[in-house]
Each structure stands twice: as structure tokens, then as C-alpha cells.
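Asker: for reference, the sequence and a predicted model appear below.
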Amino acid sequence: MAGYILALDQGTTSSRAIIYDDQARPIKISQKPTTLLTPKLGYVEQDAMQIWHTQISCAHDAINQAGLLATDISSLAITNQRETIVIWDKRTGNPLAPAIVWQDRRSDAWCQQMQQQRVAKQDMTMQQYVQSITGLRLDPYFSASKIIWMLDNHPNLKDRAQRGEVAVGTIDSWLMFKLTGGEHVIDITNASRTLMYDINKLEWSNELLSKFGINKNILPKVLPSDGDFGKTKKGLFAKQIPIQAILGDQQAALFGQGCISTGMAKNTYGTGCFMLMNIGSEVQLSQHQLLTTVGWQRRVDTAALRTNQMEHPSLSKLVKSGQRILTPAKREVTYALEGGVFMAGAIVQWLRDNLGLFNKSEDVERLAKEVASSEEVVLVPAFTGLGAPYWRSDITASISGMSRGTTKAHIARAALESIAFQTYDVLSAMQKDSPSPLTELRVDGGAANNNLLMQFQSDMLGVPVLRPKDTEITAKGVALLAGITAGLYDETTIDDSWDLDHSFEPMMSADEREAHLDKWHKAITKTLQ
């Protein structure tokens, strides 16, 4: 079956559109930067209209550059930065306030106040109560506190919300509204990041909405990841293109990396650093400061799923084996454990833009290689607090262990090492929660192209780090799901389209590895005091 998938990838710092062919190979990409605004300490905002304009412009550019027509596009897919919130007028479709970005910390005081409360009926803290329903934590990172801040701090918004005149949503909801000309929907993976969605019952939590004072009528309808999202509105393209898949960016990367069997994990090295592990079809709440989130909800064959859970083959291998499908397909939910690191590639940007250590981000590897070791230098990159497994929004970044002999090369190397150290801490917590030991880590994102970082990561984790040839795996993941939904691909495409670029094997001695980790954890302990 011939055809193409148009994947829209709306990230924190840019909008992209990528065209995939009938073999899930990327044939053209268009990218435009978006602006992050920081009007006050702890505030991170974006212009929602700029997000829309850059995204639709990229879509048209990618089609044109590929020499295609809109009629050649079989399906459109969306993946997006999660937790970022837009509020807009339902009638005009115009934003009513700047979008509040996932990195924003302005609602920290509200979260701290809520954490102190107890839920007497359940005999638990509000933190425990929220986790039991959503799998998440009371942290400014998530969407609910951003919505509350918007309604409390923008004139008339709360009254208009009461009257049902406004719509609120994550970036996928915003793009869907603009693409379709009025559909107010959200995919389940993005809904599971809002702090308002019950991942057990698979619906908005009336209990939490009541406690937070948020009216359900401003929230979008939740659909499966491969749900019927409708079509693009007339006039936007030369034909109305069906929208057949939406995934939050990290879930899209998990799917794109082929981590569809329980125990498989990936780490995305983007602005932040996000490790997700597939934990199967049952909710498992973390006991070690991680998050439980919806990986995806999609149509799968139930017989295949059962065999997958028993024997752990990938679904694509099951299909290749020729096993008969005896039961009709239905939508199943896959859950994931997640650990989020707030600063990864953003550390390199800080070295470039704030310290002026180099002109281009890719130059950090060359600079770091000028020294054989970071010596005693440790960078704790708590520029916006620390994420998993520490969850400390009240601490700041630091560089320690410097001497008269310290150079910018030592700082650059320490910066790269800090990314790997943070990932180690997340994996350590994940291994305590998961019954499945990690045997490999699949990696993607811009910083995954840094060989020095990937080798150090493998050395710290003690497992192979596998980098695919296509590191734009986020867009690929949602394109795969859309292609399967459209009938352009089948399950075998997930494995067949994953090509290994390089396997980084652990090379460091156990003593040297422990010395590095000891240095890091001493610096972390000092920072947390």
C-alpha cells in the first residue's frame, strides 16, 4: 500500500514536520525555532500562536520539499511537548494568555501548600492521594497547577471558565483545535500528564477536579492514542487529511524505539532527559520517587498481547511467526515507569549561551575531550530544581571541586557527565520498582549523538547503550502508530525500521565507576542539605 505519513513534532524549542514513506523511512524534515520567554524568575512561557504558525508552516514546507501533494498523505500524526498548557477562547480560537511551559516553576508555592494537606477519608497525605489516582506527584511540572495559576491570575478567566467560554489543553489539544477548526480533544498519554486524569479508571478524576477547583467543562475529551481524531479542516491542505495518532513526546519515543515488551526502556536526551520503561498492562505505582504514566492506548490483538506478556517477544516477532489471530482486536493500555531529568541538552545550551564556552552545541564534545578527566569538578545542574528521583524544586545549580588548574574543558566534561549521572540515579530507582532487570538502554534525542556522553553513560549503567541510526525517534514513534492505524504499516514495521547505528559497551572498571558515582553523590548530598 503506497502512501506517506506526515508527523508533526512540536517540541519545547522548535516545531518540526517529518514525512515518512511506506517503509517508515524519513524522507523530508522541516524545522522552525520557537521562542521561550522568561519574564520573571521561574517563569517559562511561549506564544501559542507562534507554536501554531511555525507548526503548520513546517507541515506545508515538508510536503513541498518532498515533492508531494497533500493528496499523497495517508495520515497525519502529532507528538508534542507534554504538560505545557494553553488556554483559549472556544469561539474565536485565540489564546487568552501565554502558554505556560512544562519547565515553569511559578506554581511551586501552591504545590507545597497542597502537599501539607491530608485526605482524612483515605488516611493519606495529598501527595499519596494524588499519586494513587494519577501516578504523578504534586509538582509545578504538571499541568493542573499551571491551570489554577492562569485562572487565578488573569482577569475574567475564572468567570469565563465558569460560563464554559474557554478551553484548556496541552499542546496536542491546541494543535488539534487549530487543525480541525474546533475539535477539543486530548490523547490519553497527554491527559495522564495533567495531574487530573485517573490512570486506573481511565477518565478525568472528579475528586481531584473538585479539590483543585477546576471545572471539567473547560477540559478536552480524552481519546485513545490511535483514536478517531477527525480530519484537518477544509482549506488547510488540498485535501482533508485524517489525524490518526497522537502521543506525548516521551511515549512516542518509547514506541518508536520498539519498546513494546515489558521491561524494555529508552532514554531521550533532549532539553530534559526522560527515561521510560514499559511495565505492561497493569498500573504499578512507584515506591522510589518515579512516575507511573500511560505509555499508550491502542488497538492490539488480545491473544497476541497475552502471549507477549507470557513470553516477552515483541509483537512484530509474534506476527512474523504466523501465529493465528483468534480474537478481535480491542484497545489495550500499556503503562510505563518514568523518571524525568529537567536539564540535559539545556546544560549544553547554558554553557554555550551563558558562559560562551563554544559557538555550537556539538562543539561541547570536542572541548570535553581536551582533558582525560573532569578531575574533581562536579556540576549539579539544578537550574530549575532537581527532578526524579529527588523532586527538589527549592535548590539551585552548583559547580564544585574546582582548582587553579580547572579549565573550561573540565567544566564541559563535568556537564556531560552530569547528564549521565542523573540518568544513573533514575535507572537505579527504576530497577528497584521493576521486576524486570534492564539489559540494554535504547537512546535518542540530540545529545545521543555525543559519543563521549554515550560511552560514559554505558560505563555508569553497566549495560550496553544502543543508538539507532534515526535519532529523531519521537516523530517516528507517532508516525508508526498512525501508519499502523491507517493500514500503511503492520506490527513488523516497528522492528524492521529500527536500525542500530552504534552499541556502546561498558568499558570502565568497577572501581573507577564507583569512584565517579561516589564523587557525584557526595556533591548531590551537599546540594540537598
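Answerer: Thanks, I have the structure now.
Asker: how about the strands in the stretch 151-300 of the chain?
Answerer: Along the stretch 151-300 of the chain, the stretches classed as strands by DSSP state E, counting those that start in this stretch are 166-170, 185-187, 197-198, 203-204, 221-223, 243-248, 265-269, 273-280, 291-301.
Asker: contact partners of the third one?
Answerer: Going back to what we said before, that points to strand 197-198. Contacts made with strand 197-198 from outside it, assessed by C-beta atoms under 8 Å, 6 or more residues apart in numbering, are listed as Ile133, Thr134, Ile188, Ala191, Glu203, Trp204, Ser205, Leu208, Val222. No exception for glycine: its C-beta is placed from N, CA and C like everyone else's.
Asker: the second one reaches Ser192, doesn't it?
Answerer: Looking back up the chat, that one is Thr134. Yes - proximity of Thr134 to Ser192 meets the contact threshold set by C-beta atoms under 8 Å, at 7.2 Å.
Asker: neighbour count winner among the two?
Answerer: Neighbour comparison, Thr134 and Ser192: the larger count goes to Ser192, with 30 against 27 (by other C-beta atoms under 10 Å).
Asker: any idea which residue is closest to the centre of the chain?
Answerer: Centrality entry for the chain: nearest residue to the mean C-alpha point is Gln250, 2.9 Å, by C-alpha atoms, centre = their mean.
Asker: look up the closest residue to it, ignoring the ones flanking it.
Answerer: Leaving aside its chain neighbours, Gln250 sits nearest to Phe274 (4.5 Å; criterion: C-beta to C-beta, 6 or more residues apart in numbering).
Asker: return the residues in contact with that neighbour.
Answerer: So Phe274 contacts Gln250, Ala253, Asn267, Thr268, Glu338, Gly339, Gly340, Val341 (C-beta under 8 Å, 6+ apart).
Asker: name the nearest of these relative to Glu83.
Answerer: Glu83 has its nearest neighbour among these in Gly340, at 9.7 Å by C-beta to C-beta.
Asker: what's the neighbour count on that closest one?
Answerer: Residue crowding around Gly340 was assessed by other C-beta under 10 Å; the count is 25.
Asker: then the one 3 residues further on?
Answerer: For Met343, the count of nearby residues is 27 (other C-beta under 10 Å).
Asker: please identify the helix or strand for it.
Answerer: According to DSSP states H and E, Met343 maps onto no helix or strand at all.
Asker: list the contacts for it?
Answerer: Contacts of Met343 by C-beta under 8 Å, 6+ apart are Gly272, Cys273, Trp350, Pro381, Ala382, Phe383, Thr384.
Asker: show the buried residues in those residues.
Answerer: Those of the contacts of Met343 that meet the buried threshold are Gly272, Cys273, Trp350, Pro381, Ala382, Thr384, by 16 or more other C-beta atoms under 10 Å.
Asker: from the residues you listed, which single one is nearest Ile78?
Answerer: Compare each of the buried ones among the contacts of Met343 with Ile78 using C-beta to C-beta and the shortest gap goes to Gly272, at 19.8 Å.
Asker: what score does Met310 have for pLDDT?
Answerer: Looking at Met310, its pLDDT is 40.
Asker: for Thr71, which of the strands of the stretch 151-300 of the chain is the nearest?
Answerer: strand 243-248 (16.1 Å).
Asker: next one: that closest one to chain centre, how far?
Answerer: 14 Å (C-alpha atoms, centre = their mean, to the nearest Å).
Asker: related to what we said a few turns ago, quick one: which of the contacts of Phe274 is nearest to Ala429?
Answerer: Using C-beta to C-beta as the measure, the one of the contacts of Phe274 that approaches Ala429 most closely is Gly339, at 6.3 Å.
Asker: okay, and the beta partners of the closest one?
Answerer: Met275 (DSSP bridges).
Asker: now it: how far from Asn449?
Answerer: Note on Gly339: its distance to Asn449, by C-beta to C-beta, to the nearest Å, is 22 Å.
Asker: same check, this time on Lys201
Answerer: 41 Å.
Asker: ok, the two, which is more surrounded?
Answerer: Neighbours of Lys201 and Asn449, each counted by other C-beta under 10 Å, are more numerous for Asn449; the result is 17 against 10.
Asker: mind checking how far that one is from Gln81?
Answerer: Using C-beta to C-beta, Asn449 is found at 20 Å from Gln81.
Asker: for Asp198, name its beta-bridge partners.
Answerer: Partner residues in beta bridges with Asp198: Glu203, with DSSP bridges as the criterion.
Asker: what about this protein, any weak spots by pLDDT?
Answerer: Applying pLDDT under 70 to the chain picks out residues 1, 301-329.
Asker: flag every buried residue along the lengthiest helix in the chain.
Answerer: Identified as the longest helix of the chain according to DSSP state H is helix 408-433. Burial within helix 408-433, assessed by neighbour count using 16+ other C-beta under 10 Å, is assigned to 408-427, 429-431, 433.
Asker: residues in contact with Ser143?
Answerer: When contacts are counted by C-beta under 8 Å, 6+ apart, Ser143 touches Glu83, Thr84, Ile85, Thr170, Arg193, Thr194, Leu195, Met196.
Asker: measure how buried the closest residue to it other than its chain neighbours is and give me the count.
Answerer: Nearest residue to Ser143 in three dimensions, chain neighbours excluded: Thr194, at 4.0 Å (C-beta to C-beta, 6+ apart). The criterion is other C-beta under 10 Å. On that basis, Thr194 has 28 neighbouring residues.
Asker: so that it lines up with my notes, have the first residue be 49 from now on.
Answerer: All set: I'll call the first residue 49, so the last point we hit is now Thr242.
Asker: Thr242 contacts Trp150, correct?
Answerer: No - applying C-beta under 8 Å as the test, Thr242 and Trp150 come out as separate, 11.2 Å apart.
Asker: so what's the residue count around the closest residue to Met556 other than its chain neighbours?
Answerer: Closest residue to Met556 in three dimensions, ignoring its sequence neighbours and counting by C-beta to C-beta, 6+ apart: Asp507, at 3.8 Å. Other residues within reach of Asp507, judged by other C-beta under 10 Å, total 20.
Asker: ok so Asp507 is a helix residue?
Answerer: Yes - secondary structure of Asp507, determined by DSSP: H, G, I helix; E, B strand; the rest coil: located in a helix.
Asker: verify the stated contact: it with Glu562.
Answerer: No - under the criterion of C-beta under 8 Å, Asp507 is not in contact with Glu562, lying 11.2 Å apart.
Asker: where do the strands sit along the stretch 349-498 of the chain?
Answerer: Assigned by DSSP E, counting those that start in this stretch, the strands in the stretch 349-498 of the chain fall at 377-389, 426-428, 446-448, 489-492.
Asker: parallel or antiparallel, list what pairs with the last one.
Answerer: Strand 489-492 has its sheet partners listed here by DSSP bridges as strand 313-317 (parallel), strand 513-516 (parallel).
Asker: name the stretch among the ones you listed that sits most buried.
Answerer: For the strands paired with strand 489-492, the largest average neighbour count (mean count of other C-beta atoms under 10 Å) is found in strand 313-317, namely a mean of 29.
Asker: gap between Gly275 and Ala530?
Answerer: Taking C-beta to C-beta as the measure, Gly275 falls 11 Å from Ala530.
Asker: now do Ile148
Answerer: According to C-beta to C-beta, Ile148 and Ala530 sit 28 Å apart.
Asker: have a look at the two and say which one is more surrounded.
Answerer: Comparing Ile148 with Ala530 by other C-beta under 10 Å, the one with more neighbours is Ala530, at 29 against 25.
Asker: now for the helix or strand where the more buried one lies, which elements pack on it?
Answerer: In this structure, Ala530 is located in helix 521-534 according to DSSP H and E. Using 3 or more C-beta pairs under 8 Å, 6 or more residues apart in numbering; DSSP states H and E, the elements in contact with helix 521-534 are strand 52-58, strand 62-68, strand 121-128, strand 291-296, helix 297-304, strand 313-317, strand 339-349, helix 540-544.
Asker: got the angle for the third one vs strand 291-296?
Answerer: Just to be clear, that refers to strand 121-128. Between the direction of strand 121-128 and that of strand 291-296, the angle (axes from the mean of the first three to the mean of the last three C-alpha atoms, to 10 degrees) works out to 20 degrees.
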